[in-house]
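give the three-dimensional model of this entry:
(2 chains)
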There are 2 protein chains.
Amino acid sequence: MPTEASGAPGRRRPLTRRALLGAAGFGAAAGGGALVAATVRESPAAPSGGARATVPFHGPQQAGILHPRQTHAHLAAFDFGARTDRGRAAALLLRWSTAAQRLTRGEPVGEEISPPGSRAADTGVALGAGPASLTLTFGFGASFFDRVGLAAARPEALAPLPAFPDDRLDPARGDGDLFVQIAADDPLVCLHALRTVQRLAHGEAKTRWVMSGFTTAPVPGRTAPTHRNLMGQLDGTANPSPADAAARDRILVTAPGAPPWLAGGSYVVVRRIRMLLDHWDTLPQEHREQALGRRAADGSPLTGGGEHTAPDLTANRPDGVPVIAHNAHIRLAAPGANGGATMLRRGWSYYDGLRADGTPDAGMLFVAWQSDPRTGFVPVQQRLARGDALGRYLVHEASSLFVVPGGVRPGGYVAQALLEI
Amino acid sequence: MPTEASGAPGRRRPLTRRALLGAAGFGAAAGGGALVAATVRESPAAPSGGARATVPFHGPQQAGILHPRQTHAHLAAFDFGARTDRGRAAALLLRWSTAAQRLTRGEPVGEEISPPGSRAADTGVALGAGPASLTLTFGFGASFFDRVGLAAARPEALAPLPAFPDDRLDPARGDGDLFVQIAADDPLVCLHALRTVQRLAHGEAKTRWVMSGFTTAPVPGRTAPTHRNLMGQLDGTANPSPADAAARDRILVTAPGAPPWLAGGSYVVVRRIRMLLDHWDTLPQEHREQALGRRAADGSPLTGGGEHTAPDLTANRPDGVPVIAHNAHIRLAAPGANGGATMLRRGWSYYDGLRADGTPDAGMLFVAWQSDPRTGFVPVQQRLARGDALGRYLVHEASSLFVVPGGVRPGGYVAQALLEI
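Residues are numbered from 1 along each chain as shown, chains lettered A, B, ... in the order given. Next comes the predicted model:
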């Protein structure tokens, strides 16, 4: 992805709502007025539990970051077409934001927000099944800022991730101008939202890649437990609690100098990490636990205690060998001298059937949120890449970094403060 | 698949449990005794709801046919290796049956039932997440009977399905010696069971294909609702109720002359039907409803009433045109003069991401159960193939027919009465 500041500030011009809707091809006849009115309707009171549970789209942050991870997710990236400019991009984000508001309430998406000349109204696929805690979270790749003529506004933290040893990245499954994370506790609701987002991009942006994942179904009465990954490990034990204010500062952009569109936003690293499960599953349990540094059954560190007991990285066995090995995953992933978890990991497992060689195409959709990847993901991955014992059972197949703008106010749309400068 | 009766009755020999376990490579040292003891343990009382819900593996029918459809499924076929004979096949089915019993109780699968020299014990991937109404249902393709030297025992109803016009079948994703349907309300539990079944086949049978599907998550308090497919249709409205005895006779093999291993069994047709959703979704709602013959919103026939009102196939509009078109799906799929539904459809939707042309690789894993495919699936599909209005939006990509033996008694295994003849 190019990161040169090729921005042409001269291209910036005031972008009023009128100009935006015009650029979007919404005339009065196309229902633009109804659309705007719809976006300011108040959300009904959210019933709780199961299919009827709602997570509001509007708020100081985008939904889908701090909320407990849902059971199903589609991660997708889009590339703009040749005709895209700032106004058209804004129109797409308005369509997406309007649809997200409706879908997350369990309402159909009206025909009036379809791109002109494109698909029909809501297909009704998820009628009666949702919203099932649906969230849609929108972000931008580095290339976005070039495509919309705002290269000068691209944050420095969106610089390309460094190359890591042993990465085997497929560029076709990484990066992209636009990113959407769609997650819900119902698989049909989740897919319907993806299809709707794709439909509303018609004529403006093409799907670059889609990855689909899952985790354990929610257990009533248990909130946000640690989930097992496909290696059988409780995964995410060291995650910061979003309720902890200091931790939130490491997850969300809260720095006073941040541009308004980025305030309350975040950076997300998305990686497709295939697990060599046919190999891993043959290893003795002890070896698997040593590679991680924790017990499989309850996630407790090998130095004792429970899942949330801090590992004692200084403890040695009687023979002088460290209890938690030098190359154990949790030792290398542990925060440095600055202390505290530096990102919120909120990913999903994936299973895409069998590869040509008969091994499973399965692993983890790694999704990590941080206020700055240069102090979040990058140093952790640099330590892991030096010899994490789990690394020999993992293949990093795709990698992306996106900036996720702050929350959306009722009647507004994602990144409005950036695009209407 | 060959169906010539090449059976060599002379190869039949008494197959005692001792011979079976010997053939399986279980010595006393390998825990064969413990295994047999484990299989007769009584199932604990089944708690109800969510992760803890259980569906007993043992019973007069195999589980996973009459039980309400779970949210997630993997369908898989296996082909035997070169060394397979009747004894080795029986040993595999004993391993699978033992594992199925444990997994469906939410218990780990012990190392003692692993094939000799193969993978480790239960990987613990689904520890604490299940059993979530897990079922495992085992069947045989026509080739099974040749591979185990029992060609003479192959039922006539297992003859190859006729070719249907417009089928575009991929042989690599159809048929197979062995079939397993794995379904659960938790995606991790479901995948763990698939991986376990694959592990226990190690050295005996190789996975031929896997297809993975989903449907709407269960809504507490609502039992077995009709689910929407990816075309937005309530799908399966005309399904027989398993509680109806006459309907059960069409789903399960209840004929007095059936061989003991098949009594209470069934035949399952499995088809991968891709939907041309990018086309379908652009159609006006009226056209989509005409193609099916039902309203999208509530599944009622176009002739009025509710979802379960019988369609009036004789009703005409004032201009003389039938209200339910001549080529409407429900008209062609309607039962013939014999009356009554002739199969139980219990399939799942699938979404496998994007195809090379950018269209969705999505549709339906059609799974239909019947006591005889020659009077169940075949005549219905022959009528549909003559001009079903939905057909132009569907591509039949894979097709299989399997016979599913009757239920398993505690301590026994699938098709024991066949393999121990």
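
mind listing the helices for chain A?
A:17-23, A:32-39, A:86-104, A:142-147, A:187-200, A:245-251, A:277-280, A:285-292, A:329-333, A:377-385, A:416-419 (DSSP state H).

and those as CSV, adding mean pLDDT?
Output for the helices of chain A, formatted as CSV (pLDDT from 0 to 100):
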stretch, mean pLDDT
helix A:17-23, 45
helix A:32-39, 26
helix A:86-104, 96
helix A:142-147, 98
helix A:187-200, 96
helix A:245-251, 88
helix A:277-280, 94
helix A:285-292, 94
helix A:329-333, 91
helix A:377-385, 92
helix A:416-419, 97
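
now these in a markdown table, with distance to B:Gln233?
Quick note: C-beta positions are derived from backbone N, CA and C, even for glycine. Below are the helices of chain A laid out as a markdown table (distance: least, C-beta to C-beta, whole Å):
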| stretch | distance to B:Gln233 |
| --- | --- |
| helix A:17-23 | 35 |
| helix A:32-39 | 27 |
| helix A:86-104 | 20 |
| helix A:142-147 | 37 |
| helix A:187-200 | 12 |
| helix A:245-251 | 42 |
| helix A:277-280 | 36 |
| helix A:285-292 | 45 |
| helix A:329-333 | 47 |
| helix A:377-385 | 43 |
| helix A:416-419 | 38 |
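
among the ones you listed, which comes closest to B:Trp280?
Counting by C-beta to C-beta, B:Trp280 lies closest to helix A:187-200 out of those; the figure is 10.9 Å.

hmm, the closest one in reach of chain B?
Yes - counting by C-beta under 8 Å from any C-beta of the partner chain, chain B is contacted by helix A:187-200 at A:187-189, A:191, A:195, A:199.

out of those residues, which comes closest to chain B?
Set against chain B, the nearest of the residues of helix A:187-200 next to chain B by C-beta to the nearest C-beta is A:Pro187 (4.0 Å).

just checking, the closest one touches B:Ala217?
Yes - using C-beta atoms under 8 Å, A:Pro187 makes contact with B:Ala217 at a distance of 7.0 Å.

shared neighbours of these two, which are they?
Here A:Pro187 and B:Ala217 share the contacting residues A:71, B:71, scored by C-beta atoms under 8 Å, 6 or more residues apart in numbering or on different chains.

pipe the residues of helix A:187-200 next to chain B into a markdown table and attach neighbour count per row.
Shown next, in a markdown table, are those (neighbours: other C-beta atoms under 10 Å in any protein chain shown):
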| residue | neighbour count |
| --- | --- |
| A:Pro187 | 28 |
| A:Leu188 | 27 |
| A:Val189 | 27 |
| A:Leu191 | 24 |
| A:Arg195 | 23 |
| A:Arg199 | 22 |
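
from the residues you listed, which two are the most distant?
A:Pro187 and A:Arg199, at 18.6 Å, using C-beta to C-beta across the residues of helix A:187-200 next to chain B.

please name the nearest non-neighbouring residue to A:Thr375.
Leaving aside its sequence neighbours, A:Thr375 sits nearest to A:Thr342 (C-beta to C-beta, 6 or more residues apart in numbering or on different chains; 6.2 Å).

and the pLDDT at the one you found?
We have a pLDDT of 81 for A:Thr342.

list the contacts for it?
A:Thr342 neighbours (C-beta under 8 Å, 6+ apart): A:250, A:335, A:370, A:375-376, A:379-380.

could you do A:Arg294 as well?
Going by C-beta under 8 Å, 6+ apart, A:Arg294 touches A:233-234, A:237, A:300-302, A:311, A:330.

beta-bridge partners for it, please?
The partner list for A:Arg294 in beta bridges (DSSP bridges) reads A:Pro301.

quick one: it from A:Gly376, how far?
From A:Arg294 across to A:Gly376, the span is 22 Å (C-beta to C-beta, to the nearest Å).

out of the contacts of A:Arg294, which is nearest to A:Asp352?
Within the contacts of A:Arg294, the smallest distance to A:Asp352 is 20.3 Å, found for A:Gln233 (C-beta to C-beta).

any idea how far the residue lying closest to that closest one once chain neighbours are set aside lies from chain B?
Spatial nearest neighbour of A:Gln233, excluding adjacent residues (C-beta to C-beta, 6+ apart): A:Leu292 at 5.6 Å. For A:Leu292, the distance to chain B equals 12 Å [C-beta to the nearest C-beta, to the nearest Å].

repeat for A:Phe214
For A:Phe214 relative to chain B (C-beta to the nearest C-beta), the value is 4 Å.

if I look at that residue, what pLDDT would I see?
The model's pLDDT for A:Phe214 equals 97.

again with the one 3 residues further on
Note for A:Ala217: predicted pLDDT of 80.

how about the contacts made by it?
Applying C-beta under 8 Å, 6+ apart to A:Ala217 gives the contacts A:71, A:185, B:50-51, B:71, B:129, B:132, B:185-188, B:217.

rerun at 10 Å
A:70-72, A:185, B:50-51, B:71-72, B:129-130, B:132, B:184-190, B:217-218 (C-beta atoms under 10 Å, 6 or more residues apart in numbering or on different chains).

give me the subset of those lying in strands.
Among the contacts of A:Ala217, the residues falling in strands (DSSP state E) are A:72, B:72, B:184.

most neighbours, which of the residues you listed?
B:Ala184 (32 neighbours; other C-beta atoms under 10 Å in any protein chain shown).

verify the contact between that residue and B:Leu103 for me.
Yes - with contact defined as C-beta atoms under 10 Å, B:Ala184 counts as touching B:Leu103 (9.1 Å).

pull up the overlap in contacts between the two.
Counting by C-beta under 10 Å, 6+ apart, the contacts common to B:Ala184 and B:Leu103 are B:126, B:130-131, B:134-136, B:192-193.

among those residues, which one has the lowest pLDDT?
Comparing the shared contacts of B:Ala184 and B:Leu103 by pLDDT, B:Gly130 comes last, at 85.

so how many other residues sit close to that one?
Neighbour tally, B:Gly130, other C-beta under 10 Å: 27.

who's in contact with it?
Neighbouring residues of B:Gly130 by C-beta under 10 Å, 6+ apart: A:216-217, B:51-54, B:103-107, B:184-186, B:188-190, B:192-193.

buried ones among these?
In terms of neighbour count (16 or more other C-beta atoms under 10 Å in any protein chain shown), the buried residues within these are A:216-217, B:51, B:53-54, B:103-107, B:184-186, B:188-190, B:192-193.

can you list the low-confidence ranges for the stretch 101-250 of chain A?
Applying pLDDT under 70 to the stretch 101-250 of chain A picks out residues A:116-121, A:219-225.

kindly report the residues of the stretch 301-421 of chain A close to chain B.
Contact residues, the stretch 301-421 of chain A versus chain B (C-beta under 10 Å from any C-beta of the partner chain): A:348-354, A:358, A:360-362.

closest to A:Arg409 out of the residues you listed?
Looking across those and measuring by C-beta to C-beta, the closest to A:Arg409 is A:Trp348, at 28.9 Å.

hmm, that closest one is touching A:Ile182, no?
No - under the criterion of C-beta under 10 Å, A:Trp348 makes no contact with A:Ile182, lying 11.3 Å away.

what touches both of those two?
Counting by C-beta under 10 Å, 6+ apart, the residues touching both A:Trp348 and A:Ile182 are A:70, A:72-75, A:212.

may I ask which of those residues comes out lowest in pLDDT?
Least confident by pLDDT among the shared contacts of A:Trp348 and A:Ile182: that is A:Gln70, with 94.

what is the neighbour count of that one?
Look at A:Gln70: counted by other C-beta under 10 Å, it has 26 neighbours.

please apply the same query to A:Phe145.
Neighbour number of A:Phe145 under other C-beta under 10 Å is 25.

for it, which non-adjacent residue is closest in space?
Closest to A:Phe145 by C-beta to C-beta, 6+ apart is A:Arg154, at 3.8 Å.

go ahead and confirm that neighbour touches A:Arg147.
No - contact criterion C-beta under 10 Å: A:Arg154 and A:Arg147 do not qualify, at 11.0 Å.

give the residues shared as contacts by the two.
With C-beta under 10 Å, 6+ apart as the test, A:Arg154 and A:Arg147 both reach A:140-141.
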